[in-house]
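Q: Predicted model and sequence below, questions to follow.
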Amino acid sequence: MKTILLGFSLLITPLFAGPPEGFTSLFNGKDFTGWWGASTENPAKYLALPAEKLAAKKKKSLENINQHWEVKDGILHNDGHGLFLTTEKNYSDFELRLEFKLDPKADSGIYLRGIPQVQLWDTTEAGGSWKHGAKKGSGGLWNNPKGTPGREPLVHADKPVGEWNAIIVKLVGDKVTIHLNGKLIVDKAKLHNYFDKKGPLPKAGPVQLQTHGAPVQWKNVFIKEL
């Protein structure tokens, strides 16, 4: 089953369903095949490593991933700690679709080409992040400079904590468009390079699912290269 909103096919699909037409699945519903672990670190640095050193880094990271992430009933579960799930493959322009569910006080995000981030968090006052802008909702490009387009979501579109949310993220060049639960959150805003304030956005890099203090669940993680 899928719902069509704003010209997009919003992801409301049963577990283990195949990806929408033109998309591939980043998560096989069984294990961490296709993923490794990284933190908030400049992807330009680890991508420049010799092949053997990068391979060793990735292999070592899986020890941490297995401590803090698990696959259960076709869903990715994180305990709120540890390295971020990071795609083995690097992507340039793409459309990413996934569903996420936050625990109370969760403060998470999605890194695009390894750059932070599409902000996902508990938007209630009890969540503890109102002083950082959580009251305005998830989906903004929170690490963009203050006052720049896209940093704050256009509308609050989050479902209550503990419910599944569907997000669509489209990155073309350095411009990002985001829909959350069928509502436009970011409209072709520039994603700034967090690691090189005056430099351009990397042409390619991984997708990362962030961990940050409280449990988060993820499912139906699909991507289409553009």
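A: Thanks, I have it.
Q: Now name the helix or strand holding the most centrally placed residue in the chain.
A: Taking C-alpha atoms, centre = their mean, the centroid of the chain lies closest to residue 110, which sits 2.1 Å from it. Following DSSP states H and E, one finds residue 110 within strand 107-112.
Q: ok so, going back, show the contacting residues for the residue nearest to the centre of the chain.
A: By C-beta atoms under 8 Å, 6 or more residues apart in numbering, the contact set of residue 110 is 96, 98, 117-118, 120, 167, 169, 207-210. Glycine gets a C-beta too; all of them are placed from N, C-alpha and C.
Q: For beta bridges, what are the partners of it?
A: Note on residue 110: beta-bridge partners residue 118, residue 209, judged by DSSP bridges.
Q: I'd like the distance between it and residue 73.
A: Distance of residue 110 to residue 73, computed by C-beta to C-beta, to the nearest Å: 22 Å.
Q: need the contacts of residue 110 in JSON lines with distance to residue 62, can you?
A: Formatted as JSON lines, the contacts of residue 110 follow (distance: C-beta to C-beta, whole Å):
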{"residue": "96", "distance to residue 62": "22"}
{"residue": "98", "distance to residue 62": "21"}
{"residue": "117", "distance to residue 62": "22"}
{"residue": "118", "distance to residue 62": "24"}
{"residue": "120", "distance to residue 62": "24"}
{"residue": "167", "distance to residue 62": "26"}
{"residue": "169", "distance to residue 62": "25"}
{"residue": "207", "distance to residue 62": "17"}
{"residue": "208", "distance to residue 62": "15"}
{"residue": "209", "distance to residue 62": "15"}
{"residue": "210", "distance to residue 62": "17"}
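Q: any chance of the residues you listed in a markdown table, plus neighbour count?
A: Below are those laid out as a markdown table (neighbours: other C-beta atoms under 10 Å):
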| residue | neighbour count |
| --- | --- |
| 96 | 21 |
| 98 | 22 |
| 117 | 23 |
| 118 | 28 |
| 120 | 27 |
| 167 | 22 |
| 169 | 22 |
| 207 | 25 |
| 208 | 27 |
| 209 | 24 |
| 210 | 22 |
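Q: for those residues, which one is nearest residue 48?
A: When the contacts of residue 110 are ranked by distance to residue 48 (C-beta to C-beta), residue 208 comes first, at 17.8 Å.
Q: which non-adjacent residue is nearest that closest one?
A: Leaving aside its sequence neighbours, residue 208 sits nearest to residue 111 (C-beta to C-beta, 6 or more residues apart in numbering; 3.6 Å).
Q: One more: residue 64?
A: residue 83 (4.8 Å).
Q: Might you report the residue contacts of the one you found?
A: By C-beta under 8 Å, 6+ apart, the neighbours of residue 83 are 37-39, 61, 64-65, 68, 211.
Q: Relative to residue 156, which of these is nearest.
A: residue 211 (23.6 Å).
Q: Tally up the residues packed near the closest one, please.
A: For residue 211, the neighbour count with other C-beta atoms under 10 Å is 25.
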